[in-house]
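**Student:** Here is a sequence with its predicted model. Questions after.
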Amino acid sequence: MLNKILNYKPRRIIATLLLAVIVLMSIYGVKSESVGVERQAAFLIYWGVFFLLFIVLIFLILVDFLAIRASYMIAERKIFKSTLGSDEMRKMLRNLEEELKRLDDGQRPSEDDKGGSTPV
């Protein structure tokens, strides 16, 4: 089911066709006298359909945006699991952290070195 949601081609084809219809309707509605203000019923129906299609287009754009975001998050999770999230990487990071702690403990200055200069 997730693949159907993330498949963007049908959604984008529908959105493109819807955009073309909206542009043609807006051009026709402005230039045509049959959809003019004089014929109130035709005017309201025509522009009502226009705005309904426009709202559907906005909805498709939002769904497409959310699908792109979801596919990005899925890809990011896969990359994380294959790199930092893998057992080998975690083991290597733990070993590196332990080695850094050992080096840090071995290279700390002793109490005699903290004084700075030695008296002459």
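**Tutor:** Here it is on my side, so go on. These numbers come from a predicted model, not from an experiment.
**Student:** Ramachandran coordinates for Ser32?
**Tutor:** phi -90, psi 140 (degrees, to the nearest 10).
**Student:** What about Ile55, how many residues nearby?
**Tutor:** Look at Ile55: counted by other C-beta atoms under 10 Å, it has 10 neighbours. All C-beta atoms are positioned from the backbone trio N, CA, C, and that covers glycine.
**Student:** Spell out which helix or strand contains it, please.
**Tutor:** helix 40-82 (DSSP states H and E).
**Student:** Now do that helix, average pLDDT.
**Tutor:** Confidence over helix 40-82 (mean pLDDT, whole number) is 90.
**Student:** Same question for stretch 86-105.
**Tutor:** On average, stretch 86-105 scores 85.
**Student:** do the same with stretch 9-23
**Tutor:** Stretch 9-23 carries an average pLDDT of 93.
**Student:** can you list the residues that contact it?
**Tutor:** Residues outside stretch 9-23 that contact it (C-beta atoms under 8 Å, 6 or more residues apart in numbering) are Phe50, Leu53, Phe54, Val56, Leu57, Leu60, Ile61, Val63, Asp64, Ala67.
**Student:** Report the central residue of this structure.
**Tutor:** Nearest to the mean C-alpha position of the chain, by C-alpha atoms, centre = their mean, lies Arg69 at 2.7 Å.
**Student:** List the residues that contact that residue.
**Tutor:** Residues near Arg69 by C-beta under 8 Å, 6+ apart: none.
**Student:** do you know how far it is from Ala75?
**Tutor:** Note on Arg69: its distance to Ala75, by C-beta to C-beta, to the nearest Å, is 11 Å.
**Student:** can you check Leu52 too?
**Tutor:** Leu52 sits 35 Å away from Ala75, going by C-beta to C-beta.
**Student:** swap in Leu17?
**Tutor:** Using C-beta to C-beta, Leu17 is found at 29 Å from Ala75.
**Student:** Tell me how far Tyr8 lies from Glu99.
**Tutor:** Separation of Tyr8 from Glu99 (C-beta to C-beta): 47 Å.
**Student:** Alright, I will stop here.
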